[in-house]
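A.B. asks: Structure of the sequence below:
(2 chains)
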Amino acid sequence: MAAEERILEDQELTDRLKDPAQSRAAFTEVIARYSRPLYWQIRRMVQSHEDADDLLQNTFMKAWSSLDSFRGDAKLGTWLYKIAINESLTFLEKERKRLNISIDDEARPLIEAIESDPFTDGDEIKKKLREAIATLPEKQRLVFNMRYYDEIKYEDMSRVLGTSVGALKASYHLAIKKIEQYFEETD
Amino acid sequence: MKDKKEYSPILEKVDHSDGMTVPPGYFADFAARMEAQIPERTVVAAPIVRTPWQRIRPYVYLAAMFAGIWCMMKMFDLMRPDSASPAPILAEALSDDNFMSDYYLDNSYDDEFLDNLYEAGYSPSELCESN
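C.D. replies: Got it, this is the predicted structure:
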């Protein structure tokens, strides 16, 4: 779908979401359109399919319940990404506290989840890349996932994450270096 | 467009795929599940914002009503004749014997006197001539 076409459709959806008579039908379309990209964004952060599924549901439920606060100033996608990312980060924080894990060791449960993940294509190098990404700090992981897998523009990432484009580029570059280092160390 | 800093031989091997999968039919099933879960939106009526004047208006009206009643009672009180305090001039006149004889009793006495003269045979013209 062309970017302009998508923006127009999002605008039309946003208008319908504001209309109480059409909001439910419009939100169903929002789910159909955004469940895939949001799922992958969440899944790459939490690794487990079950957790990603729960968080995706929470994301849409939160979006639905706070529809009144969405005035349409931001793009619909930006708003949903923000909710999904907040949900993911809150979940990881809760898990760290629940499992009593220090911030330096936060990669451990994620790597364990990758190791035991039944929903993969079995490609070892991809699995190793996931593990390498899991060792990155949360924000860097987000930046890397959005840039590398989703190929989101830095300008759009800046709107979602509230970070300058320069800082995002630096973060991504640093993430690549750390991943390469991880590969070197584990080879 | 990617710059040189974004190039990595390891990442090139992976080709932007994370290798993660989902159970078959997951997204179609997810949309249906979500649709069933979404509660009906309750349209919350906007809270009624009352201005300070609207808040104090009933009390102002009540106070104005009592003030009106008080003014009305005061007016009726002022209009009522006060028997307890007689007009001082009238009281002084009534206590004066001369006033009674000169201005009050005199008239009745003159009338009676003229009646007696008339009955005695004097005519009014005679009385006028004698004056």
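A.B. asks: Only C-alpha atoms, please: export stretch B:52-69 in PDB.
C.D. replies: Listed in PDB are the C-alpha atoms of stretch B:52-69, where the atom choice follows Å, rounded to 0.1, in the frame of the first residue of the first chain:
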ATOM      1  CA  PRO B  52     -20.500  30.900  40.600                       C
ATOM      2  CA  TRP B  53     -23.600  33.000  39.900                       C
ATOM      3  CA  GLN B  54     -25.700  29.800  39.100                       C
ATOM      4  CA  ARG B  55     -24.400  28.300  42.300                       C
ATOM      5  CA  ILE B  56     -25.400  31.200  44.600                       C
ATOM      6  CA  ARG B  57     -28.600  32.200  42.700                       C
ATOM      7  CA  PRO B  58     -31.100  30.200  44.800                       C
ATOM      8  CA  TYR B  59     -29.700  31.700  48.000                       C
ATOM      9  CA  VAL B  60     -29.800  35.200  46.600                       C
ATOM     10  CA  TYR B  61     -33.400  34.700  45.500                       C
ATOM     11  CA  LEU B  62     -34.300  33.400  49.000                       C
ATOM     12  CA  ALA B  63     -32.600  36.400  50.700                       C
ATOM     13  CA  ALA B  64     -34.400  38.800  48.300                       C
ATOM     14  CA  MET B  65     -37.700  37.200  49.200                       C
ATOM     15  CA  PHE B  66     -37.200  37.600  52.900                       C
ATOM     16  CA  ALA B  67     -36.000  41.200  52.400                       C
ATOM     17  CA  GLY B  68     -39.200  41.900  50.500                       C
ATOM     18  CA  ILE B  69     -41.400  40.400  53.200                       C
END
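A.B. asks: what is the mean pLDDT for that stretch?
C.D. replies: Averaging pLDDT along stretch B:52-69 yields 93.
A.B. asks: Might you report the residue contacts of A:Ser158?
C.D. replies: A:Ser164, A:Val165, A:Leu168 (Cβ atoms under 8 Å, 6 or more residues apart in numbering or on different chains). In this view, the C-beta of every residue, glycine as well, is placed from N, C-alpha and C.
A.B. asks: ranking those by neighbours, who comes first?
C.D. replies: Neighbour count (other Cβ atoms under 10 Å in any protein chain shown) singles out A:Leu168 as the most crowded of these, with 23 neighbours.
A.B. asks: Who are the contact partners of that residue?
C.D. replies: Counting by Cβ under 8 Å, 6+ apart, A:Leu168 makes contact with A:Val143, A:Arg147, A:Tyr154, A:Met157, A:Ser158, A:Leu161.
A.B. asks: Next up, the contacts around the fourth one.
C.D. replies: Neighbour list for A:Met157: A:Val143, A:Met146, A:Arg147, A:Thr163, A:Leu168 [criterion: Cβ under 8 Å, 6+ apart].
A.B. asks: can you give me phi and psi for the fourth one?
C.D. replies: Yep, that's A:Thr163 we're talking about. With angles defined as degrees, to the nearest 10, A:Thr163 sits at phi -120, psi 150.
A.B. asks: What about it, how many residues nearby?
C.D. replies: Neighbour count for A:Thr163, taken as other Cβ under 10 Å: 17.
A.B. asks: okay, which residue is most central for chain A?
C.D. replies: A:Gln41 (2.9 Å; Cα atoms, centre = their mean).
A.B. asks: Low-confidence ranges, the chain, go.
C.D. replies: Picking chain A for this. Along chain A, the model assigns pLDDT under 70 to residues A:1-8.
A.B. asks: wrong chain, I was asking about chain B
C.D. replies: In chain B (pLDDT under 70), the answer is B:1-6, B:42-46, B:81-86, B:100-109, B:124, B:126-131.
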